[in-house]
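Asks: A predicted structure for the sequence below; I have some questions about it.
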Amino acid sequence: MRKLALFIGIISILLGLNACEKSYNTLVGEYHYQVSGHVTLGGVRDLIIDHETGSLEIIQKNATMFMLIFFAEDGNTYTTNATVEGEGLVLDPFYKLLPINYYTHESTLLSGTVSVLHEENYQVVVYGMGELYDDTIIFTLQYNGEELNNGTKLIGKNITLIAKTK
């Protein structure tokens with residue numbers, strides 16, 4: 001009887017591992033994605049980032065590692081690896097260029113108040129985790145970087161990237 005219980009236990013464990021592996025295999029493929037969230041510039045200015053959209057391709061490298069290739073609609077491409085840990089995916093940190101456009105209102109003696117457009121480019125390190133929900137992966141990301149010309153610091157926490165299969 002003990003041998004039968006042990007045998008059934010081993011089979012159950014193997015089937016459970018196989019089921020987990022199958023769920024990760026469903027990650028492979030092509031997705032549409034959209035990024036949204038808030039960033040802080042220089043520790044004082046909070047901004048909503050523009051909704052970045054694009055395509056994502058996920059390629060399986062081995063049983064627990066995947067390559068992610070982001071094709072942003074602005075023409076930039078970013079690549080990183082993701083490792084399966086527990087119930088989620090942990091992204092390897094990667095660099096990306098993040099354009100930020102915002103207006104400030106400045107007072108002048110001649111014109112009164114004028115709006116000034118600021119167009120800045122930030123080099124940021126992106127890191128985070130993702131969770132799989134049927135045909136959707138939801139990544140929670142963090143950004144940390146600085147503006148390329150003036151060195152203004154950028155921090156973004158709880159940036160959301162939602163990728164849905166094509």
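Replies: Okay, I see it.

Asks: does residue 94 really touch residue 79, like I thought?
Replies: Yes: counting by C-beta atoms under 8 Å, residue 94 touches residue 79, with 6.9 Å between them. Glycine gets a C-beta too; all of them are placed from N, C-alpha and C.

Asks: which residue of the two possesses the greater neighbour count?
Replies: Between residue 94 and residue 79, counted using other C-beta atoms under 10 Å, residue 94 has the larger neighbour count: 15 against 12.

Asks: hmm, who's touching stretch 67-84?
Replies: In this structure, residues lying in contact with stretch 67-84 by C-beta atoms under 8 Å, 6 or more residues apart in numbering are 24, 33, 52-59, 61, 64-66, 89-97, 99, 126, 130.

Asks: I'd say residue 165 and residue 31 touch.
Replies: Yes: counting by C-beta under 8 Å, residue 165 does reach residue 31; the two are 5.6 Å apart.

Asks: those two: who's more crowded?
Replies: For residue 165 and residue 31, the more surrounded residue by other C-beta under 10 Å is residue 31, and the numbers stand at 21 against 15.

Asks: which helix or strand contains the more buried one?
Replies: Element membership of residue 31, judged by DSSP states H and E, is strand 29-36.

Asks: so what strands line up beside that strand?
Replies: Sheet pairing of strand 29-36 (DSSP bridges) gives strand 52-62 (antiparallel), strand 153-165 (antiparallel).

Asks: let's have these in JSON lines, adding distance to residue 139 and mean pLDDT.
Replies: Shown next, in JSON lines, are the strands paired with strand 29-36 (distance: least, C-beta to C-beta, whole Å; pLDDT from 0 to 100):
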{"stretch": "strand 52-62", "distance to residue 139": "10", "mean pLDDT": "95"}
{"stretch": "strand 153-165", "distance to residue 139": "4", "mean pLDDT": "96"}
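
Asks: can you say which of the ones you listed is nearest to residue 43?
Replies: Among the strands paired with strand 29-36, strand 153-165 comes nearest to residue 43, with 6.7 Å by C-beta to C-beta.

Asks: okay, buried residues for that closest one please.
Replies: For strand 153-165, a neighbour-count test (16 or more other C-beta atoms under 10 Å) marks 154, 156, 159, 161-163 as buried.

Asks: for it, give me every contacting residue.
Replies: Under the criterion C-beta under 8 Å, 6+ apart, residues 29-43, 49, 56, 98, 100, 122, 124, 128, 130, 135-147 lie in contact with strand 153-165.
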